[in-house]
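# Output the structure for:
(one chain, ligands or ions: 2)
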Amino acid sequence: MGIVTCKPEREADRQTRRIDTQIRMESQVNKKRVKVLLLGVSDSGKSTIVKQMRVNYMDGFNETEVVNAIFVIRNNIIDAFRSIANIIIHSDIIVSKEEKVLITLFAHESSKIEMMQEVDELNVINSVRTYKCIQEFFERFAFHPLVPDHIHYFFPNLERIAVTNYTPTKEDLIHMRQTTLGVHEISFDMTSHTIRLIDVGGQKTERRKWIHFFEGVTAVMFVCSLASFNQTSEEESKSIVWESSSNKVQNKTLVRASGKAKVDKPGLVNRLDESVDLFKSVRENSFLSMSNFMLFLNKKDLLVKKLEMFQFKDFFPEYKNWINSDNSMSSVAEYIESMFREGLQSKHRIYSHLTEATDHTNIDYTFVLCCSVIFEKNIDEMKLE
Ligand SMILES: Nc1nc2c(ncn2[C@@H]2O[C@H](COP(=O)(O)OP(=O)(O)OP(=O)(O)O)[C@@H](O)[C@H]2O)c(=O)[nH]1
Ligand SMILES: [Mg+2]
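Ligands and ions are numbered 1, 2, ... in the order given. This next block holds a predicted model:
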């Protein structure tokens with residue numbers, strides 16, 4: 001009898017031990033995989049970081065993507081000229097009779113340009129590029145809040161881009177703007193870890209999808225554009241109805257009164273305020289309470305340029321009371337960082353970095369630095385078990 005009962009027990013023990021070993025091994029393997037989530041409002045630079053990682057750790061861009069980029073980049077340029085033409089029309093910039101036809105076409109019927117034959121489309125772009133009114137625009141209003149950031153890269157490169165046999169470079173693809181819809185994931189190895197990097201769309205309508213990816217997140221990389229201090233959200237800026245009253249659109253539209261998220265026009269929210277609010281709601285989300293938080297204060301190159309044209313305190317009046325309220329990039333960036341930290345519980349630690357996602361060296365250095373913190377913490381947690 002004893003033998004009969006003993007045998008199945010030993011078999012059961014062996015089975016249990018096997019399962020235990022398997023679970024332990026799987027857990028070790030899982031520890032080597034880290035899930036990193038890129039979050040932030042639209043146009044902050046999330047997908048640009050993904051593109052840089054693809055170039056560095058994967059195969060870069062394939063042929064289809066390069067061909068597609070020709071059309072996306074041309075549309076980026078036409079879209080930027082649409083905004084620029086509208087700003088010019090509502091400013092005191094003088095538009096000559098010859099310039100008027102195309103400036104009006106861009107301002108009111110830019111979709112017609114997108115539908116043109118390639119040669120005609122390129123002729124239009126090349127004509128406008130040399131206009132005096134456009135030159136004056138870039139001298140005076142280059143960093144107008146309604147001008148997309150990518151035009152500061154594409155405009156000086158237009159002569160190379162607006163040709164029939166144009167092939168986009170790696171750099172062009174990095175600067176190209178394409179809103180992310182849905183969720184995109186890449187996976188690559190770094191030292192002894194596999195990183196699952198998840199990129200989501202930052203537009204308001206996209207954010208409701210985020211929650212589905214909050215489980216088991218090792219780290220959140222929250223991206224904010226430092227240059228967004230004079231902008232409204234990208235979706236809102238597209239729907240702005242142009243005013244006919246002089247050039248007051250230059251910087252008044254988005255001036256923030258004291259307090260939070262107030263702007264001249266009802267319904268418009270300052271994009272930097274929006275970013276801070278979004279960060280706090282994500283940081284306090286209980287699903288992410290165990291995740292590491294990295295704050296990427298991005299587009300530092302554009303912040304430097306904008307501060308040459310604008311006083312930060314004109315947009316954020318509370319800045320006048322900051323320790324060092326000069327208009328320097330370091331002081332403004334420090335203040336913006338403090339906005340993100342304000343009111344957070346002490347247990348909610350964040351690591352912050354000033355970044356320029358379009359600069360390969362800068363973003364790679366920062367990404368590796370963040371990953372070394374993530375990996376180290378991962379190992380510490382393994383030791384505790
Ligand atoms: N000058 C400059 N441009 C940047 C920087 N980072 C991103 N950009 C540009 O900003 C634009 C928006 O970047 P994306 O990476 O598409 O933004 P996103 O956060 O993925 O936006 P959504 O997909 O809409 O959520 C692109 O044209 C980028 O090339 C930067 O540090 N400096
Ligand atoms: Mg994106």
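
# C-alpha only now, for contacts and for neighbours.
Will do.

# So which bits of the stretch 251-385 of the chain are right by ligand 1?
Contact residues, the stretch 251-385 of the chain versus ligand 1 (CA under 6 Å from any ligand atom): 298, 299, 301, 302, 356, 357, 358.

# So which of these is the closest to residue 16?
Top of the list for closeness to residue 16, among those and by CA to CA, is residue 357 at 49.6 Å.

# burial measure for the one residue in the stretch 251-385 of the chain that gets nearest to ligand 2, as a count.
At 12.3 Å from ligand 2, residue 357 is the closest residue in the stretch 251-385 of the chain, using CA to the ion. Residue 357 has 29 neighbouring residues, counting by other CA atoms under 10 Å.

# One more: residue 92?
Going by other CA under 10 Å, the residues that sit close to residue 92 add up to 10.

# That one: helix or strand, and which one exactly?
Assigned by DSSP states H and E, residue 92 falls within no helix or strand.

# and it, backbone torsions?
With angles defined as degrees, to the nearest 10, residue 92 sits at phi -90, psi 10.

# And residue 231, by the same measure?
Note on residue 231: its backbone torsions stand at phi -120, psi 160 [degrees, to the nearest 10].

# List the residues that contact the closest residue to residue 118 other than its chain neighbours.
With sequence-adjacent residues excluded and distances taken as CA to CA, 6 or more residues apart in numbering, residue 118 is closest to residue 164, at 7.4 Å. Neighbouring residues of residue 164 by CA atoms under 8 Å, 6 or more residues apart in numbering: 118, 119, 122.

# State the distance from residue 164 to residue 104.
25 Å (CA to CA, to the nearest Å).

# Could you pick out the residues of the chain near ligand 2 for me?
By the rule CA under 5 Å from the ion, the part of the chain lying against ligand 2 is 47, 180.

# In the chain, where is pLDDT below threshold?
Along the chain, segments meeting pLDDT under 70 span 1-9, 24-31, 236-267, 378-385.

# buried set for stretch 124-135?
The neighbour-count check on stretch 124-135 (16 or more other CA atoms under 10 Å) flags 124, 125, 126, 128, 129, 131, 133, 134 as buried.

# from the middle of its chain, how far away would whichever strand or helix holds residue 187 be?
For residue 187, the host element (DSSP H and E) is strand 183-190. Mean-position distance between strand 183-190 and its chain equals 17 Å (CA atoms, centre = their mean, to the nearest Å).

# same question, stretch 177-187
Offset of stretch 177-187 from its chain centre (CA atoms, centre = their mean): 11 Å.

# returning to what we had before: paired strands for the next helix or strand along the chain from the strand holding residue 187, with orientation please.
Using DSSP H and E, the helix or strand that follows strand 183-190 towards the C-terminus is strand 193-200. Taking DSSP bridges as the criterion, strand 193-200 pairs within the sheet with strand 33-39 (parallel), strand 183-190 (antiparallel).
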